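> The sequence and its predicted three-dimensional model are supplied below.
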Amino acid sequence: MTLSTREAMIAVVLAAAGLAAWWYRGGRQPEVAPAVPQHGRPDYVVEQVAAVTMSDGGEPLRRLRAPQLRHYPEGGGSELDAPVLRLLEPGQPDWVVRSEQAWVSADGDEVLLEGRVLGERAAAADQPPMRIMTSQLLVLDDAGYAETDRFVELERGDDWLTAVDGMQLWFDAPMRSRFFGRVRQRLAFAEPAAAPDAPSVPGP
Amino acid sequence: LDSDSEQPMFVEADAAELDEKQSISLYIGNVEVQQGSMRIWADEVLVHHQPNRQPRKIIAIGNPVRYRQLLEDDPQEVRARALRMEYEAVSEEITLIDEAELIQGEDRFRSDRIVYNRLTDRLTAGSSARGRERVKIRIEPQGEGQSGDDSGDQ
């Protein structure tokens, strides 16, 4: 019966892609958490913040800079103005993410960036530079994961991609990403220009 | 057209997953692929990438998958459909599988498997294309009347 043949083919393709069929039928939209508390009164304010998160081995994993941080006792989270978040990965160009504001959870595991979020990664030997633009982005650094349910634009060399209903991005190399529709993509076929001596993206 | 393969490729879909580790991109839901004069419409498209990220192989599944493309020296475009279509970018060879049909001008080929090479404009169908079904060919004599039957396509 043709339909079952087709179903079999679809299952084969999805298996080949390493995707369970449930992903598409159940393709959930990323829900962006956490709910940002609507401000109580900060219990302390820090000017010119420069924070470094280290790995268990003492390697820097993440640098976070901001002109001002306000800590709220209610929930224990902190709010930052004009943050610059630099995500470091050995052997890979850093991701540098900027936004108008950010909210860092009490345990520091979640960073919710809001307002003109721009993520940039410099070119590497075999990879063109990348840029991601959206209006809100939740970063779970330990998991090497970021998601948004907002319109998102991604540029990679001469290629670009837009997704109306957000994305899920596993940004540690090798990267994996899901985009939710409607998705539009341009794949250029010119040979990628040789990456110049990778100028690191200006940042903290 | 010969220049098609040098044009950027545009893909549109309801959802997409890009996986660098496996060098694949999967597009799901109302998928449209365009490259120069080539157009593909499908339910799902899986793209295998070369190391430089250009497509190496495209697998399209649909009910049916539809394909159109202009030829260099022929005003009539090639049109095809099948439940599964595989396109090898390097050899520019298209394999149509299951309920395959290819229309070139007035000529129409139906089989369970049709292999069409865009570079050589060579077509292989049925058992010679390792298919099971016999080939049904309808070739219009040059200059004779219009084909009366259904054109059966968009």
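Structure's in. What do you need? Please read these numbers as outputs of a predicted model, since none were measured by experiment. Numbers count the residues shown, from 1 in each chain, chains lettered A, B, ... in the order given.

> Mind jotting down where the strands sit in chain A?
A:44-54, A:60-71, A:78-81, A:84-89, A:92-98, A:101-104, A:110-121, A:130-140, A:145-148, A:152-156, A:159-163, A:167-170, A:176-187 (DSSP state E).

> Not counting its neighbours along the chain, what's nearest A:Pro129?
Nearest residue to A:Pro129, sequence neighbours excluded (C-beta to C-beta, 6 or more residues apart in numbering or on different chains): A:Ala123, at 4.4 Å. For every residue, glycine as well, the C-beta is placed using N, CA and C.

> The one you found and A:Gly157, how far apart?
Distance from A:Ala123 to A:Gly157, counting by C-beta to C-beta, to the nearest Å: 8 Å.

> What about B:Glu88, how many residues nearby?
17 (other C-beta atoms under 10 Å in any protein chain shown).

> Pretty sure it sits against B:Pro55.
No: B:Glu88 is beyond contact range of B:Pro55, at 9.7 Å (criterion: C-beta atoms under 8 Å).

> Tell me who's in contact with A:Gln68.
Taking C-beta atoms under 8 Å, 6 or more residues apart in numbering or on different chains, we find A:Gln68 in contact with A:Val45, A:Val46, A:Glu47, A:Gln48, A:Val49, A:Leu80, A:Asp81.

> out of those, which touch chain B?
Among the contacts of A:Gln68, not one lies near chain B by C-beta under 8 Å from any C-beta of the partner chain.

> Only whichever of those are buried, select them in ChimeraX.
Command for ChimeraX, covering only those of those found buried under the criterion 16 or more other C-beta atoms under 10 Å in any protein chain shown:
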select /A:46,49,80
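
> Looking at the contacts of A:Gln68, which one is closest to B:Glu101?
When the contacts of A:Gln68 are compared for distance to B:Glu101 (C-beta to C-beta), A:Leu80 wins out at 60.2 Å.

> My understanding was that A:Glu89 contacts A:Trp170; is that so?
No: counting by C-beta under 8 Å, A:Glu89 does not reach A:Trp170; the two are 11.9 Å apart.

> related to what we said a few turns ago, possible to save the strands of chain A as a markdown table with distance to B:Asp98?
Output for these, formatted as a markdown table (distance: least, C-beta to C-beta, whole Å):
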| stretch | distance to B:Asp98 |
| --- | --- |
| strand A:44-54 | 53 |
| strand A:60-71 | 50 |
| strand A:78-81 | 56 |
| strand A:84-89 | 44 |
| strand A:92-98 | 43 |
| strand A:101-104 | 52 |
| strand A:110-121 | 42 |
| strand A:130-140 | 39 |
| strand A:145-148 | 38 |
| strand A:152-156 | 35 |
| strand A:159-163 | 31 |
| strand A:167-170 | 33 |
| strand A:176-187 | 27 |
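
> Turn those strands into JSON lines, columns for mean pLDDT.
JSON lines is the format used below for these (pLDDT from 0 to 100):
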{"stretch": "strand A:44-54", "mean pLDDT": "93"}
{"stretch": "strand A:60-71", "mean pLDDT": "93"}
{"stretch": "strand A:78-81", "mean pLDDT": "95"}
{"stretch": "strand A:84-89", "mean pLDDT": "90"}
{"stretch": "strand A:92-98", "mean pLDDT": "92"}
{"stretch": "strand A:101-104", "mean pLDDT": "94"}
{"stretch": "strand A:110-121", "mean pLDDT": "96"}
{"stretch": "strand A:130-140", "mean pLDDT": "96"}
{"stretch": "strand A:145-148", "mean pLDDT": "96"}
{"stretch": "strand A:152-156", "mean pLDDT": "95"}
{"stretch": "strand A:159-163", "mean pLDDT": "95"}
{"stretch": "strand A:167-170", "mean pLDDT": "96"}
{"stretch": "strand A:176-187", "mean pLDDT": "94"}
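
> sorry, back to before: find the residues that touch each one of A:Ala123 and A:Gly157.
A:Pro129.

> quick one, which of the two is more surrounded?
Each of A:Ala123 and A:Gly157 has its neighbours counted (other C-beta under 10 Å); A:Ala123 has more, 21 against 16.

> measure that one to chain B for me?
Distance of A:Ala123 to chain B, computed by C-beta to the nearest C-beta, to the nearest Å: 13 Å.

> go on, A:Gly157?
From A:Gly157 to chain B the distance is 9 Å (C-beta to the nearest C-beta).
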